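K.L.:
what's the 3D shape of this:
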Amino acid sequence: MEGCSDPFYHSVRRPYLRQLKSEPFTQKLGHAQTRAELHELRAQLADLLIFFEAMRGAFKVLHWLARLAKPVAYIVMLGTACMGFWTAVRAGGGGR
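P.N.:
Below you'll find the model as predicted:
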């Protein structure tokens, strides 16, 4: 596009080239700032991934507890029924 005779192309391209030639340090500063922002974003993303891994572990533990809850509830119900039966036998609830 060097040999382009389009006036719009040159009206956009020339000021842009002038800006790049006149402000090389500003351009480098912009790259440094962008790089710093990317490093910060990468650190935040790493923290977020650590959090999600921890939550995955927490849900596994909750799943294990839920799997244990039913058998524990059955054992408690059996113990309660046995205590009720024993109390009824001791009280002499024969039903005459």
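K.L.:
switch to C-alpha atoms for all contacts and neighbour counts from now on
P.N.:
Will do.
K.L.:
any regions of this structure where pLDDT drops low?
P.N.:
The model of the chain has pLDDT under 70 over residues 1-30, 93-96.
K.L.:
swap in 80 and give it another go.
P.N.:
Across the chain, the stretches falling below the confidence threshold (pLDDT under 80) are 1-33, 93-96.
K.L.:
please, where are all the helices along it?
P.N.:
According to DSSP state H, the chain carries its helices in the segments 7-22, 24-91.
K.L.:
contacts only, for residue 58.
P.N.:
Applying CA atoms under 8 Å, 6 or more residues apart in numbering, we find residue 58 in contact with no residue.
K.L.:
could you shift the numbering so residue one becomes 676, and keep it that way?
P.N.:
Right, with 676 as the first residue, what we last looked at is residue 733.
K.L.:
how much space between it and residue 739?
P.N.:
Distance, residue 733 to residue 739, using CA to CA, to the nearest Å: 10 Å.
K.L.:
one more: residue 753?
P.N.:
Using CA to CA, we find residue 753 at a distance of 22 Å from residue 739.
K.L.:
go on, residue 767?
P.N.:
Residue 767 sits 43 Å away from residue 739, going by CA to CA.
K.L.:
one more: residue 729?
P.N.:
16 Å.
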